[in-house]
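>>> Here is my input, please return the structure:
(one chain, ligands or ions: 1)
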Amino acid sequence: MLKRRFQVSAALLTACVAVSAQQTTTLKDAYRGIFHVGAAINEQQIAGTDTLGTTIVAAQFDTISPENVLKWERVHPSPDTYNFAPADKYVEFGEKHHMFIVGHNLVWHSQVPNWVFQDDQGKPLTRDALLQRMHDHIFKVVGRYKGRIQSWDVVNEALNEDGTLRKSKWQQIIGDDFIEKAFEYAHQADPQAELTYNDYSLENEAKLKGALVLVARLKAHGIAITTVGIQGHDSLAHPTVEEEDTAIAAFAKLGVKVAISELDIDVLPRDPKLFSADVSLKVKQDPKLNPYANGLPDDVQQALSKRYADLFAVFLKHRAEMSRVTFWGVTDKDSWLNNWPVPGRTSYPLLFDRNGKPKPAFDAVIEQEKLAVKQ
Ligand code: G3I
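This is a model prediction of the structure:
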C-alpha cells in the first residue's frame, strides 16, 4: 500500500516538474547562444495597451521587429512630415528588454506613398531626384536610431516569382542599381548595423536563383549586405524541408547570414497559386475557406506542431549560418493571416493561441532544441 502511494506521488511529482519546466522554459532561453528568437510586434503591443501580448513578448523573445510602424507610409507620410512617436516607443521597448532590435523596412514597392515618386507638379521624378529622396529618408530614419536598431531590412521584396527584378517604381525610375544605392546609404547612415535583403518564397527554385544572383552581384560590387531574410510565410506543405535546407545552405555559401524573418505557418485552405506573401492579393470571403472558425481540430494542431518541429530541425542544422528566427506576430489573434488573402478568417499560424496560451507547437519548438543537443 505504502509502495503504491509512493509510486503515485512520484508520478505526480514528475508531472508537476514537467509542467513547471514547460512553463519556465522560454523560447529565448531554449535557443540562447544558438540564434535569436523573436516576434513582430504591432501598435497595441508597442503602446502597451495589449498587456497580454506585451507580457509574452518580454518573457519569450530576445529580438523584435516592427510589424508596421517603420514602413515608409507610417513614418514618413508626407514630404515634410516624419511620425517617429510609435517607432521611438518600439525602440525603447526593445532597449528596456535588452533585445536585438530590427528595423523593417527602408525600400519597398508597397506601403510607400505616391508622392515619393513625383515632383511638385505630380510628374515622375528623375533618377537623381529619387535617389536624393531615398538618401534623405534613409539618413533620417536610420540616423535617428543609429547604434540602437541593430539590423535593417534595407530592400524588401524586389524580386518577382520567376527570379527577375520586380518593375517597381524604384526600379523603373532609378534602374536596377536602386538596390546597391539603398544599401550604400544605409551603410553610410549606420556603419555598424546589419543590413538585410528580405523577401518571401525564396525557397522556390526560380526565385532562389534570382536572389542568389542578386546577392552575388551586391557582394561583387562591395556592398555591405550581411544577411538575407527568408520571410517564411509557410504552409503545412510548402516549402519542403529539403527546399528550406537548400535555400539556407545556398545563401550561407555566398557569405551572408540567414534570418528567418517573418515566420508563420498557415493551416487554412489556399489556392496553391497564391503561395506567396504578396499583400495586394485578395480573395472573396467564403465559409468553405474558413473551416476552423470554431476551433482547430486536434489532427491539424498536431500537424502544425510537427511542421514547426521539422522546420526548426532545419534551422538548428544551420545554426552557424542563422542569425534569428522571427515569428510574424505574437498570438494567433494578431496574425495578418486572419485577413489575408481572405478577409475575416480565423487563422492559427503562430505558437500562442488567441488567449496567449502556448500551443502544442510551442512545446514542439522547445523540444526540437533539446533533441538537437542530444544528437
Ligand atoms: O491600423 C489601421 C486601422 O486604423 C484601419 O482602420 C484599418 C483599415 O484598413 O487598417 C489598419 O492598418 C492595417 C495594418 O495592417 C494594421 O492592421 C493596414 O490597412 C494593412 O495594410 C496592414 O497590413 C500589413 C501589411 O504588411 C501591409 O503593410 C500587415 O499588418 C503586416 O503584417 C504585413 O507585413 C508584411 C511585411 O511587412 C512584408 N512581408 C509580408 C508581410 C505580410 O504581408
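>>> residue contacts, the closest residue to the ligand within the chain?
Residue nearest to the ligand within the chain (Cβ to the nearest ligand atom): W336, separated by 3.4 Å. In this view, the C-beta of every residue, glycine as well, is placed from N, C-alpha and C. By Cβ atoms under 8 Å, 6 or more residues apart in numbering, the contact list for W336 reads E67, W328, G329.
>>> Let me see the backbone angles for it.
phi -60, psi -20 (degrees, to the nearest 10).
>>> coming back round to it: looking at the contacts of W336, state which has the most neighbours.
Neighbour count (other Cβ atoms under 10 Å) singles out G329 as the most crowded of these, with 27 neighbours.
>>> Report the distance from the strand or helix carrying P86 to the chain centre.
Taking DSSP states H and E as the criterion, P86 maps to helix 85-96. Between the centre of helix 85-96 and the centre of its chain there are 18 Å (Cα atoms, centre = their mean, to the nearest Å).
>>> tell me which strands and helices that helix is in contact with?
Counting contacts by 3 or more Cβ pairs under 8 Å, 6 or more residues apart in numbering; DSSP states H and E, helix 85-96 packs against helix 43-47, strand 63-66, strand 100-108.
>>> go again using 7 Å as the cut-off
Other helices and strands packing on helix 85-96, by 3 or more Cβ pairs under 7 Å, 6 or more residues apart in numbering; DSSP states H and E, are helix 43-47, strand 63-66.
>>> Now tabulate those in CSV and tack on distance to F352 and mean pLDDT.
Formatted as CSV, the helices and strands packed on helix 85-96 follow (distance: least, Cβ to Cβ, whole Å; pLDDT from 0 to 100):
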stretch, distance to F352, mean pLDDT
helix 43-47, 12, 98
strand 63-66, 15, 99
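>>> Make sure F35 is actually in contact with R324.
Yes. At 5.5 Å, F35 counts as touching R324 under the criterion of Cβ atoms under 7 Å.
>>> higher neighbour count, those two?
Taking other Cβ under 10 Å, F35 and R324 do not tie; R324 has more neighbours (26 against 23).
>>> Next, count neighbours for the nearest residue to the more buried one once chain neighbours are set aside.
Spatial nearest neighbour of R324, excluding adjacent residues (Cβ to Cβ, 6 or more residues apart in numbering): H36 at 3.8 Å. Residues within reach of H36, counting by other Cβ under 10 Å, total 23.
>>> same check, this time on the one 5 residues further on
Around I41 sit 25 other residues, with neighbours defined as other Cβ under 10 Å.
>>> Ramachandran angles for it?
According to degrees, to the nearest 10, I41 has phi -110, psi 150.
>>> hang on, it packs against F61?
No. Under the criterion of Cβ under 7 Å, I41 makes no contact with F61, lying 8.9 Å away.
>>> check contacts around Q150.
F100, I101, A193, E194 (Cβ atoms under 7 Å, 6 or more residues apart in numbering).
>>> do the same with P79
By Cβ under 7 Å, 6+ apart, the contact set of P79 is W115.
>>> contacts for the helix or strand encompassing E244?
Counting by DSSP H and E, the element that carries E244 is helix 241-253. Helix 241-253 is touched from outside by 202-203, 208, 212, 215, 228, 230, 258, 310-311, 314, 318, 321, with contacts defined as Cβ under 7 Å, 6+ apart.
>>> what about dumping the CA coordinates of it to PDB?
Extracted as PDB, the C-alpha positions of helix 241-253 are listed here (Å, rounded to 0.1, in the frame of the first residue of the first chain):
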ATOM      1  CA  VAL A 241      12.200  20.800 -45.600                       C
ATOM      2  CA  GLU A 242      14.600  20.000 -48.400                       C
ATOM      3  CA  GLU A 243      13.800  23.300 -50.100                       C
ATOM      4  CA  GLU A 244      14.300  25.100 -46.900                       C
ATOM      5  CA  ASP A 245      17.600  23.400 -46.300                       C
ATOM      6  CA  THR A 246      18.800  24.100 -49.900                       C
ATOM      7  CA  ALA A 247      17.900  27.800 -49.600                       C
ATOM      8  CA  ILE A 248      19.700  28.400 -46.300                       C
ATOM      9  CA  ALA A 249      22.800  26.500 -47.400                       C
ATOM     10  CA  ALA A 250      22.900  28.400 -50.800                       C
ATOM     11  CA  PHE A 251      22.800  31.800 -49.200                       C
ATOM     12  CA  ALA A 252      25.300  30.800 -46.500                       C
ATOM     13  CA  LYS A 253      27.700  29.700 -49.300                       C
END
